[in-house]
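# Sequence and predicted structure, then a few things I'm wondering about:
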Amino acid sequence: MVGKFARLALKTANLDYNGRLCMVSAGAGNKKAFGLDRSSNSWEDLKHAEVILIAGANVSETFPTLIHYIWEARDHGAKLIVVDPRVTPIARTADIFLPVRPGTDSALFGAMLKVLADNDWLDHEFIEKHTSGFEDTLDAVKDYTLEWAEEITGVPAHRILEAATLWGKAATSFLMHARGIEHHTKGVDNVLGCINLVLATGRIGKPYCGYGTITGQGNGQGGREHGHKCDQLPGNRDITNPEHRQYIAKVWGVEEKEIPGKGLSAFEIIDAIHRDEIKGLISICFNPLVSLPNSNYVRAALEKLEYFVAIDFFLSETAHHADIVMAGSLHEEEEGTVTTAEGRVVRIRAAVTPPGKARKDSDIIMELAKRLGAEDKFTYADSEAVFNELRVASKGGTADYYGITYKKIEDNMGIFWPCPTEDHPGTPRLWEDFQFKTPDGKAHFNPVPYRESAEVPDEQFPVRLTTGRVVSQYLSGTQTRRIGKLVDQSPYPQLEIHPELAAKYGITTGDLVRVHTRRPRLNSRLWLWKPFVPTPYSYPITGAEKWRLTSSPTVRSTPFPKFPNLKPPLVS
Ligand SMILES: Nc1nc2c(c(=O)[nH]1)N[C@H]1C(S)=C(S)[C@@H](COP(=O)(O)OP(=O)(O)OC[C@H]3O[C@@H](n4cnc5c(=O)[nH]c(N)nc54)[C@H](O)[C@@H]3O)O[C@H]1N2
Ligand SMILES: Nc1nc2c(c(=O)[nH]1)N[C@H]1C(S)=C(S)[C@@H](COP(=O)(O)OP(=O)(O)OC[C@H]3O[C@@H](n4cnc5c(=O)[nH]c(N)nc54)[C@H](O)[C@@H]3O)O[C@H]1N2
Ligand SMILES: [Mo]
């Protein structure tokens, strides 16, 4: 609805989604390799994989529902490899923990690929029949020795070898990654580095073998499939492709030329406001003042707008700058569907009605469309009618929902796309026929020569800073910073730092420190890291112990001190 509203009611090309700040590198990497942006498997496959590799994902704190699947796999004997600069709760339980320096993952994956090739742990038949680009990809890593990788990544050579050996010798495996490797100027490289490991061993499209990115927000997957992006139309169609435009124009009942072309992406919109090219903005479900980088620059843009509307159920930092705030609805107040990290379309139901004068987001959009003279395009009786239009709009696209109905979702506890016809059961495991969605129908290896991060430490800024989440706060915190117990657990953004570095600067847990970066500075309380301790646990681990291990926050050497008089800051 939002995509259609922007194009047909507001008549703007400039619409983008907050996944731009989230999984967009994974989406781009997946499209390059497979021609499709979806996790390859249902997590049922994860439960029976022999080896699981998790890179740049603090799953215990950020995706607790996944933990259940991982433990089940562990109970079946799965080995776990974790790649993260920090000892996260899941890293505590790993068989092999690879503590990379931030920004060096592609060197690690490159060296692992070379080990696979040197030992001939390759699936030659799969590579020959179903992929392209293998030779060039191998050529790009020919000099990536273990010693070289140790030098770059800081991970001991023998541990990289152990990880590659485990991966190489396994019969089945599952690889997952999240923002830790994706939020980089070379996020796509990192994603492709992972995919190369999966393709080299041919472990895709087969039972208990799989690969996928772990999505972020509730509908992070569905939100990036159906025309909510500046270059996209429903069904993952390309807004610059004349045939795709024709098709959607027909579904929407408009002339093809009425659909605007490719617009600006999220941060480009902020730049365009600064250049006076955009003067009005509507923000729905978005708190860019906190979530976009360079907040002073974003604030100046919001102030510069002639007209700014925010649709939110709480007065976020961003909404404070709005001319008009419209009280929208919670997820619990709307009917609809959500597409999970697995690519499974599920129903959500309204449990409560919006209080007071708040209205459902969909009602607000329909009312605005009416007042903008596009009422005839927004005459949906209910959420099922919106979904039924989406089914037709996505038909024939790569993200094909046509065969998914509310009833089928209900009867099957969700349906996996693509699902092209009503008698199609949906596709929990992609690529079983090895027919990839690339132009040549093959999965593509992509060479990943290692390059440095765009910004590296120097004399003036000698330390790496990376960002991450805590279990008790959700994103910009609009919702969780209002809940007392959660605020007690994480009253402030925290800085975590290795004890050796803290000692060097003469600072300790609980200190208030000021961090200067090449962009605005940050005041934060300090929290010390526990240095890495090799896994002291042997399997099987049982019930309560599992939960103790993975449900408590990232290893911190002392509990965070309480600051009872501090209220959570409203404007960060
Ligand atoms: N409680 C809670 N849950 C959430 C969210 C939340 O805010 N709070 N947000 C949701 C959203 S939108 C998202 S996108 C997901 C994010 O889920 P995750 O990606 O799991 O979360 P992050 O904390 O951003 O980062 C993941 C890990 O990457 C590591 N890391 C940092 N730099 C590097 C690097 O260069 N290489 C590697 N290998 N690792 C690195 C960090 O140490 C961190 O442990 O979580 C979702 N779930
Ligand atoms: N420094 C740093 N920045 C980051 C990240 C990081 O790791 N570090 N992570 C990035 C990532 S992965 C993400 S996903 C983005 C998230 O960026 P945002 O999407 O801007 O963050 P949220 O806090 O989820 O803000 C969503 C807003 O929508 C409102 N909202 C929630 N649900 C609804 C709804 O159903 N209807 C309406 N109308 N409003 C709703 C909330 O109250 C909130 O104000 O942040 C990115 N920014
Ligand atoms: Mo995200």
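Cool, got the structure. Ligands and ions are numbered 1, 2, ... in the order given.
# Around ligand 3, which positions in the stretch 51-200 of the chain sit nearby?
Residues of the stretch 51-200 of the chain found near ligand 3 (C-beta under 5 Å from the ion): none. (Glycine included, C-beta is placed from N, CA and C.)
# Helices along the stretch 51-200 of the chain, start to end?
Per DSSP state H, counting those that start in this stretch, the stretch 51-200 of the chain carries helices over the ranges 59-62, 64-75, 89-92, 105-118, 124-130, 134-140, 146-153, 157-169, 179-182, 187-200.
# Any chance of TSV for those, columns mean pLDDT and mean neighbour count?
Converted to TSV, those look like this (pLDDT from 0 to 100; neighbours: other C-beta atoms under 10 Å):
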stretch	mean pLDDT	mean neighbour count
helix 59-62	92	22
helix 64-75	91	18
helix 89-92	88	23
helix 105-118	98	25
helix 124-130	98	14
helix 134-140	98	16
helix 146-153	97	19
helix 157-169	97	19
helix 179-182	97	26
helix 187-200	98	26
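# Can you say which of the ones you listed is nearest to Pro418?
Nearest of the helices of the stretch 51-200 of the chain to Pro418, taken as C-beta to C-beta: helix 124-130 at 18.7 Å.
# Which one of the helices of the stretch 51-200 of the chain lies nearest to His321?
Of all those, it is helix 179-182 that lies closest to His321, at 26.5 Å by C-beta to C-beta.
# does any part of that closest one sit near ligand 1?
Yes: residues of helix 179-182 are located near ligand 1 by C-beta under 6 Å from any ligand atom, namely 179-181.
# Please give the element, helix or strand, for the closest residue to Trp431 other than its chain neighbours.
In space, and not counting its chain neighbours, Trp431 is closest to Gly205: 3.3 Å by C-beta to C-beta, 6 or more residues apart in numbering. Here Gly205, judged by DSSP states H and E, is contained in no helix and no strand.
# What about Gly205, how many residues nearby?
20 (other C-beta atoms under 10 Å).
# Is it correct that it is in contact with Gln435?
No: judged on C-beta atoms under 8 Å, Gly205 makes no contact with Gln435 at a distance of 9.3 Å.
# and the one residue in the stretch 251-400 of the chain that gets nearest to ligand 3, what does it touch?
With C-beta to the ion, the shortest gap between the stretch 251-400 of the chain and ligand 3 falls at Ser291, namely 8.7 Å. Going by C-beta atoms under 8 Å, 6 or more residues apart in numbering, Ser291 touches 18, 21, 475-476.
# need those in a markdown table with distance to Asn388, secondary structure and neighbour count, can you?
Formatted as a markdown table, the contacts of Ser291 follow (distance: C-beta to C-beta, whole Å; DSSP: H, G, I helix; E, B strand; the rest coil; neighbours: other C-beta atoms under 10 Å):
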| residue | distance to Asn388 | secondary structure | neighbour count |
| --- | --- | --- | --- |
| Asn18 | 26 | helix | 22 |
| Leu21 | 31 | helix | 19 |
| Leu475 | 31 | coil | 16 |
| Ser476 | 34 | coil | 18 |
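# so which of those also contact ligand 2?
Contacts with ligand 2 within these, counted by C-beta under 6 Å from any ligand atom: 18, 21, 475-476.
# Quick one: residues in contact with stretch 263-278.
In contact with stretch 263-278 (C-beta under 8 Å, 6+ apart) are residues 12-18, 20-21, 229-231, 279, 281, 288, 292-293, 297-298, 300-302, 304-305.
# Wondering if that stretch reaches ligand 3 at all.
No: against ligand 3, stretch 263-278 shows no contacts by C-beta under 5 Å from the ion, the least distance being 12.5 Å.
# ok, and for that stretch, which residues are buried?
Going by neighbour count (16 or more other C-beta atoms under 10 Å), the buried part of stretch 263-278 is 263-270, 272-273, 278.
# Span of it from start to end?
When the termini of stretch 263-278 are compared using C-alpha to C-alpha, to the nearest Å, they are 12 Å apart.
# So what's the model's average confidence on that stretch?
Here stretch 263-278 scores 97 as its mean pLDDT.
# How about stretch 421-436?
Confidence for stretch 421-436, expressed as mean pLDDT, is 97.
# distance between the ends of that stretch?
Stretch 421-436 has an end-to-end distance of 19 Å (C-alpha to C-alpha).
# Spell out which residues of the stretch 351-500 of the chain are next to ligand 2.
With C-beta under 6 Å from any ligand atom as the criterion, the stretch 351-500 of the chain meets ligand 2 at residues 361, 467, 475-476, 478-479.
# CSV please, covering the residues you listed and showing distance to ligand 3 and pLDDT.
Shown next, in CSV, are those (distance: C-beta to the ion, whole Å; pLDDT from 0 to 100):
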residue, distance to ligand 3, pLDDT
Asp361, 19, 96
Thr467, 11, 83
Leu475, 7, 91
Ser476, 11, 90
Thr478, 14, 91
Gln479, 15, 90
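# tell me the two of those residues that are most distant?
Asp361 and Thr467 (28.2 Å).
# tally of neighbours for the closest residue to ligand 1 within the stretch 201-350 of the chain?
The stretch 201-350 of the chain approaches ligand 1 most closely through Gly216 (2.4 Å), counting by C-beta to the nearest ligand atom. By the measure other C-beta under 10 Å, the count of residues near Gly216 is 23.
# In three-state terms, label it for me.
What DSSP: H, G, I helix; E, B strand; the rest coil gives for Gly216 is coil.
# State the number of residues packed around the closest residue to ligand 1 within the stretch 401-550 of the chain.
The stretch 401-550 of the chain approaches ligand 1 most closely through Gly468 (3.1 Å), counting by C-beta to the nearest ligand atom. Residues near Gly468, counting by other C-beta under 10 Å, number 18.
# check which helix or strand covers it.
Here Gly468 sits in a region with no helix or strand, counting by DSSP H and E.
# What's the local residue count around Trp516?
That one is not Trp; residue 516 is His. His516, neighbours per other C-beta under 10 Å, totals 11.
# that older thread, please list all residues in contact with the residue of the stretch 201-350 of the chain closest to ligand 1.
Gly216 is in contact with 19, 22-23, 178-179, counting by C-beta under 8 Å, 6+ apart.
# try it again with 7 Å
Shown in contact with Gly216 (C-beta atoms under 7 Å, 6 or more residues apart in numbering): 22-23.
# Please read off the pLDDT at it from the model.
88.
# How about Gly506?
If you check Gly506, the pLDDT there is 85.
# ok, now Gln494?
What the model reports as pLDDT for Gln494 is 78.
# now it, which residues is it bridged with?
Counting by DSSP bridges, Gln494 forms beta bridges with Arg525.
# Leu233 now?
Taking DSSP bridges as the rule, Leu233 bridges to Arg237.
# Who are the contact partners of it?
Contact analysis of Leu233 by C-beta under 7 Å, 6+ apart lists 227, 239, 244, 248.
# Of those - the most surrounded one?
With neighbours defined as other C-beta under 10 Å, the most crowded of these is Gly227; it has 28 neighbours.
# what pLDDT does Thr93 get?
Predicted confidence (pLDDT) for Thr93: 87.
# can you tell me how far it sits from ligand 2?
23 Å (C-beta to the nearest ligand atom, to the nearest Å).
# Next, count neighbours for that residue.
For Thr93, the count of nearby residues is 23 (other C-beta under 10 Å).
# ok, now how distant is Pro462 from ligand 2?
For Pro462, the distance to ligand 2 equals 20 Å [C-beta to the nearest ligand atom].
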